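*Asks:* Okay, here's the prediction I keep looking at, along with the sequence it came from:
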Amino acid sequence: MLVGPTSAAIVVSSSKGAILPTTMASLFVDNGYRTASNGTAWSAFSFIADYFDFNEYHSTSNFDKMLSYLSQKDTKGNSKYFVIASCGSGLFTTGGHYIVLVADTNGTITVYDPYLYSGKFNTASRREANVTVDGNSVYVTEQSFKTYANYKNFWIFSNDSTDKEANVEITQNPIQTVQNNNYNTVVGNTYKLTNRTILYANSSMKGTYYTYLKNTRIKVLNHVTDNIDYIYISATGRYAYCYTSAYRSNSVSTVQNSTVNQYKKLKSRTILYKNSNMKGTYYTYLANTKVKILKNVSSNIDYVYIEATKRYAYCYKNAYK
């Protein structure tokens, strides 16, 4: 059971948008956060905070400091923070384990345990903690957690899910072909993402978003604009909005007029790559990030400089405003 990636996937899915534990596990492996014993390195969680651009991230081994975050609620009563906890042999495990703390209400902590099974807390060594289980949720008092969990460290992530998923009614159009700025998109067909891609919950291409890996299969449900489609991702059962360029190659074969030395702003949250093949190491930048074009690499890729971070990277041209 990959409890480290699963715990991280729970936090990201709750705050940023759906990601499968298997996808998270691949992220950890690809970026060197699996230990020699096939566990998850503690440093993986700071990586997740940066990778998914959380508004806040904290790390502490102090129980009371962790509770000061976990107990906070927004005006609607939702938790303002989620916590990944590392535990040793005790209430939740006989070895090493990660769990997710999602709320603290009136002195009772709500826990999502990636390795929850029937009768887990009904053993001689665990009954005294008086744990309650309801579905996938585990409830334990602050004092019992402090006494029996054998916690080692806590990683605290802000709940950034301020945008709700759009409720979009799907019009069941017949199969049709539409021309999209040199793209030929067929509504009803299934495609694969050509690179690691950000998909959005809203057609404004802002707010809640989800990151998917190269070759993720998507089905085009509706044509929204000349470069945005409404899609379905079968791997996660989620609907989202996607730039057409994310799965269809630009058919323009010649490089446009030179834009070298021009400054551009990113029109939405964007992934920039370290390598010109648009694979491997990458960085996520927010909308309106200013970049300077240093070289027109191809018809759809530029080499750019990001002054805010003093970093050089490769960028798809359709990312500019």
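*Replies:* Sure, I can see it.

*Asks:* Quickly note the distance from residue 192 to residue 246.
*Replies:* In this view, residue 192 and residue 246 are 10 Å apart by Cβ to Cβ, to the nearest Å. Quick note: C-beta positions are derived from backbone N, CA and C, even for glycine.

*Asks:* The two: which is more packed in?
*Replies:* residue 246 (23 against 11; other Cβ atoms under 10 Å).

*Asks:* Might one say that the more buried one is in contact with residue 200?
*Replies:* No: Residue 246 lies out of contact with residue 200 (Cβ atoms under 8 Å); the separation is 11.0 Å.

*Asks:* Run through the helices of the stretch 1-150 of the chain in chain order.
*Replies:* With helices called from DSSP state H, counting those that start in this stretch, the stretch 1-150 of the chain shows them at 3-15, 21-30, 44-51, 63-70, 142-148.

*Asks:* Identify the residue spatially nearest to residue 191, adjacent ones excluded.
*Replies:* Distances taken as Cβ to Cβ, 6 or more residues apart in numbering place residue 247 nearest to residue 191, at 4.1 Å, with adjacent residues excluded.

*Asks:* wait, that neighbour sits on residue 199?
*Replies:* No: look at residue 247 against residue 199 with Cβ under 8 Å: they stay out of range, at 10.5 Å.

*Asks:* out of those two, which sits in the busier spot?
*Replies:* Taking other Cβ under 10 Å, residue 247 and residue 199 do not tie; residue 199 has more neighbours (25 against 22).

*Asks:* can you list contacts of the strand or helix carrying the more buried one?
*Replies:* Using DSSP states H and E, residue 199 maps to strand 197-200. With contact meaning Cβ atoms under 8 Å, 6 or more residues apart in numbering, strand 197-200 is reached by 206-212, 214, 216, 231, 233, 240-242, 246, 268-271, 284.

*Asks:* Are any of these buried, and if so which?
*Replies:* 207-212, 216, 231, 233, 240-242, 246, 268-271, 284 (16 or more other Cβ atoms under 10 Å).

*Asks:* so what are the domain limits for the chain?
*Replies:* Split into domains by automatic domain parsing, the chain comes to 3-158, 176-246, 263-319.

*Asks:* my guess is residue 283 contacts residue 311, does it?
*Replies:* Yes: here residue 283 reaches residue 311: they are 6.7 Å apart, a contact under Cβ under 8 Å.

*Asks:* quick one: the residue nearest to residue 191 from residue 279, how far?
*Replies:* Going from residue 247 to residue 279 by Cβ to Cβ gives 16 Å.

*Asks:* ok, now residue 21?
*Replies:* Relative to residue 279, and taking Cβ to Cβ, residue 21 is found at 23 Å.

*Asks:* Those two: which has the busier surroundings?
*Replies:* residue 21 (19 against 12).

*Asks:* Spit out the contact partners of the more buried one.
*Replies:* Contacts of residue 21 (Cβ under 8 Å, 6+ apart): 2, 5-6, 9, 114.

*Asks:* Tell me the most packed of these, by neighbour count.
*Replies:* residue 5 (27 neighbours).

*Asks:* Looking at that residue now. What's its pLDDT?
*Replies:* At residue 5, the model reports a pLDDT of 92.

*Asks:* Now do the same contact list for it.
*Replies:* 21-22, 24-25, 27-28, 40.

*Asks:* at 6 Å instead, please
*Replies:* 21, 24-25, 28 (Cβ atoms under 6 Å, 6 or more residues apart in numbering).

*Asks:* repeat for residue 33
*Replies:* Contact analysis of residue 33 by Cβ under 6 Å, 6+ apart lists 41, 44.

*Asks:* Begin at 37 from now on, thanks
*Replies:* OK, 37 is where the count begins now, so the last one is residue 69.

*Asks:* mind checking the backbone torsions on it?
*Replies:* phi -110, psi 20 (degrees, to the nearest 10).

*Asks:* From residue 332, how far out is it?
*Replies:* Residue 69 is 36 Å from residue 332, by Cβ to Cβ.

*Asks:* try residue 102
*Replies:* From residue 102 to residue 332 the distance is 50 Å (Cβ to Cβ).

*Asks:* residues near residue 322, how many?
*Replies:* Counted with other Cβ under 10 Å, residue 322 comes out at 12.
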